[in-house]
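> Here is my input; please provide its structure:
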Amino acid sequence: MGADLSSGQNPPPRIDGAGQRIGVVCARWNDVITLRLLDGVRRGLAGSNVSDDDVLVDWVPGSFEVPLGASIMARSGRVDAVICLGAVIRGETSHYDFVAGECARGIQDVQLACDIPVAFGVLTTENDGQALARSEGPGGHNVGEDCAQVVLEMIEFARRHAAGGALG
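Residues are numbered from 1 along each chain as shown. Sure, this is the predicted structure:
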């Protein structure tokens, strides 16, 4: 796993997420992993005072469908940010390359087109062990928890720079 080459001089802000409405689009394919990521999202949001009543979770068939689900959710006006969860694990065919790349591109497109934060919580790993390592429970590394903090920080970033926009 790649390491964060952090100097420690620029720690992430502690953000109170009370009142924020967060959407989560979760892929059913590889749900042993995505359920663990979803647990991490819930822990991360709860740790920043986001009420479970303000978290909208919905499921799509797989990671390739996550961007469309994120777009629909983002355009609904019901959420301030969207977290995308999935797991694309390399197999014996080139299927991985197409799904992982297009999923990433699609999620970025949603974020830019809809002008709300969209977090990329789709694991793209070489094997099951790597996916399990990136979706560990409390005390371990869980990309879902990371995504919870990312969207809250980006909501705050957008608010600081918006002049009466959708997030203002």
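> going forward, measure contacts between C-alpha atoms and count neighbours the same way
Noted.
> what about this structure, any weak spots by pLDDT?
1-4, 163-168 (pLDDT under 70).
> So which residues of it form helices?
Assigned by DSSP state H, the helices in the chain fall at 31-46, 66-75, 95-114, 128-133, 143-161.
> for the third one, packing partners?
So the one you mean is helix 95-114. In terms of contacts (3 or more C-alpha pairs under 8 Å, 6 or more residues apart in numbering; DSSP states H and E), helix 95-114 is packed against helix 66-75, strand 81-89, strand 118-125.
> for the fourth one, same thing?
Taking 3+ C-alpha pairs under 8 Å, 6+ apart as contact, the helices and strands that helix 128-133 lies on are strand 81-89, strand 118-125.
> Could you dump the ones you listed into CSV and include mean neighbour count and distance to residue 45?
Below are the helices and strands packed on helix 128-133 laid out as CSV (neighbours: other C-alpha atoms under 10 Å; distance: least, C-alpha to C-alpha, whole Å):
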stretch, mean neighbour count, distance to residue 45
strand 81-89, 27, 11
strand 118-125, 24, 13
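> Tell me which of those strands sits nearest to residue 99.
For residue 99, the closest of the helices and strands packed on helix 128-133 is strand 81-89, at 7.4 Å, according to C-alpha to C-alpha.
> roughly how far out does the closest one sit from the chain middle?
In terms of C-alpha atoms, centre = their mean, to the nearest Å, the centre of strand 81-89 is set 5 Å apart from its chain centre.
> so which of the helices of the chain comes closest to residue 15?
helix 143-161 (6.8 Å).
> How far does that closest one sit from its chain's centre?
On C-alpha atoms, centre = their mean, the centre of helix 143-161 falls 10 Å from that of its chain.
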